[in-house]
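Structure for the following, please:
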Amino acid sequence: MSVSTNQRAKLLYLMRILLDKTDEHHPITIAEIITELKIYDITAERKSIYTDFEILRQFGINIETHRDKTTRYYIAHRQFELPELKLLVDAVQSSRFITEKKSEELIGKLSSLTSVAQAKHLRRQIYVAGRAKTINETVYYSIDQIHAAVNENKKILFRYFDYDTNKKRVYRKNCENYITTPVTLCWSDDSYYMIAYNVKHEGLTHYRIDRMSEVEMLHEDADVFDRKKFNIADHVKRVFGMYSGELINATLSFDNSLVNVVLDHFGKDIRLKAGKDGWFEINADVSLSPVFLAWMFQFGDRAIINAPESLINAMKELIQANARKYTTI
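Numbers count the residues shown, from 1 in each chain. Next up is the predicted model:
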């Protein structure tokens, strides 16, 4: 670029310098700003910088002044504050459906929303040990196609797979395509799911998005169903853990030490009925599945299934089946 061309872009470079180099704890002097502008072959006088500050303030850039022995300037408020960015970075890191590669890209973009000095605090959070990540790099594309189909009321086509012991994909239905009506997306238990309407069974089905491949929005209109009959929010709330299984009403008892755990899983609206000897009871719809039973089992003698009998028997059978595996050891 020629010097004259850069000079015309002076205001833009000044804004970049302020956004990149300054924050509340790292103000900058006019002399330092002039030096930074010289890196881009831009010359400036003090008076012109003051005038530029006013233009940027009118544009909405919050430039504040810090006065001690020397007057310094900095960006006071940004679209995202540092604590907010830290939360977003942690959410990206914790998301199992986002690959490590995509996590690094997203965190890099989030880091660009603050100063270079503050971005170092975000970078220190990267890659907390032990956080599992998906290995499916097409998740973002899949989410985009699903959102588009929901917004345009169309069906989608995709293939669904599991991983074998060699981490290779094994496609279900002999690699045949699934065609269904997407309803919404749901993030539950560190996984991202698509909730779809199954016209054949007149019900809702769940698919892990990181297990979907070659997702494509079709021109075919979505299946029509009674949304009042299928309350999505209530469905997600009631179907515990997003796993398939018969949905049944259960009466469960817990030790008082598990109040927080129960509220986390069943929601704050669940009614807690005081029991005897430091116990409480709840009534909730749960999935009759090994996942729910395993969740109850982890609390040992601090959690009991009171009803129905079918759920109690399922727990007994699960315990006995696992106990038999260890009788010969």
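
Could you use CA atoms for every contact and neighbour count after this?
Noted.

Return the set of buried residues in the helix or strand hosting V183.
With elements delineated by DSSP states H and E, V183 resides in strand 178-188, which encompasses its position. Of the residues in strand 178-188, those scored as buried under the neighbour-count criterion (16 or more other CA atoms under 10 Å) are I179, T180, T181, P182, V183, T184, L185, C186.

so the closest residue to the fourth one other than its chain neighbours bridges to which residues?
Right, the one you point to is P182. If you skip the residues right next to it in sequence, P182 has A196 as its closest partner in space, 4.2 Å away by CA to CA, 6 or more residues apart in numbering. When bridges are taken as DSSP bridges, the partners of A196 come out as P182, T205.

Check the chain for its longest helix and report it.
Ranked by residue count and defined by DSSP state H, the top helix of the chain is helix 309-325.

helices or strands up against that one?
Under the contact criterion of 3 or more CA pairs under 8 Å, 6 or more residues apart in numbering; DSSP states H and E, helix 309-325 touches helix 290-297, strand 303-307.

The residue nearest to P182 - how many residues pack around it?
21 (other CA atoms under 10 Å).

show me what contacts it?
T180, T181, P182, V183, T184, L204, T205, H206, Y207 (CA atoms under 8 Å, 6 or more residues apart in numbering).

Out of those, the closest to F292 would be?
Ranking these by separation from F292, with CA to CA as the measure, puts H206 on top at 16.5 Å.

Near that closest one, how many other residues are there?
The criterion is other CA under 10 Å. On that basis, H206 has 18 neighbouring residues.

Not counting sequence-adjacent ones, nearest residue to it?
For H206, ignoring the flanking residues on the chain, the nearest one in space by CA to CA, 6+ apart is I195 at 4.8 Å.

ok, the one you found to S188 distance?
Using CA to CA, to the nearest Å, one gets 12 Å for the distance from I195 to S188.

Touching, the residue nearest to H206 and G203? I think so.
No. I195 sits out of contact with G203 when judged by CA atoms under 8 Å, with a separation of 10.2 Å.

Neighbour count: these two, which is higher?
I195 (23 against 12).

pLDDT wise, what is that one at?
At I195 the predicted local distance difference test score is 90.

One more: the one 4 residues further on?
Per-residue confidence for V199 comes out at a pLDDT of 86.

and if you look at L272?
Per-residue confidence (pLDDT) for L272: 94.

and if you look at L247?
78.

tell me the secondary structure for it?
The three-state label given to L247 by DSSP: H, G, I helix; E, B strand; the rest coil is strand.

Against F297, how distant is the nearest residue to it once chain neighbours are set aside?
Distance criterion CA to CA, 6+ apart; nearest residue to L247, sequence neighbours excluded, is S287 at 4.6 Å. S287 sits 15 Å away from F297, taking CA to CA as the criterion.

between these two, which one's more packed in?
When neighbours are counted by other CA under 10 Å, S287 comes out ahead of the other of S287 and F297, with 23 against 17.

how about the strands of the stretch 51-200 of the chain, start to end?
For the stretch 51-200 of the chain, the strands defined by DSSP state E, counting those that start in this stretch occupy 63-67, 71-75, 154-163, 169-171, 178-188, 191-198.

Can you spell out which helices and strands pack onto the first one?
Here strand 63-67 is seen to pack against helix 46-59, strand 71-75 when contacts are counted using 3+ CA pairs under 8 Å, 6+ apart.

just these: most buried one?
Using mean count of other CA atoms under 10 Å, the stretch among these with the largest mean neighbour count is strand 71-75, at a mean of 19.

I'd like to know how many residues surround V259.
Residues within reach of V259, counting by other CA under 10 Å, total 13.

Can you verify V224 is assigned to a helix?
No. Counting by three-state DSSP, V224 is not found in a helix; it is coil.

Can you give me the distance of it to Y207?
20 Å.

what does A148 give?
Relative to Y207, and taking CA to CA, A148 is found at 17 Å.

ditto for L88
Look at L88 and Y207: by CA to CA, they are 25 Å apart.

mind giving me the domain split of this structure?
Per automatic domain parsing, the domain ranges recorded for the chain read 3-75, 82-123, 139-230, 240-325.

Where among the ones you listed is average confidence lowest?
domain 82-123 (a mean of 84).
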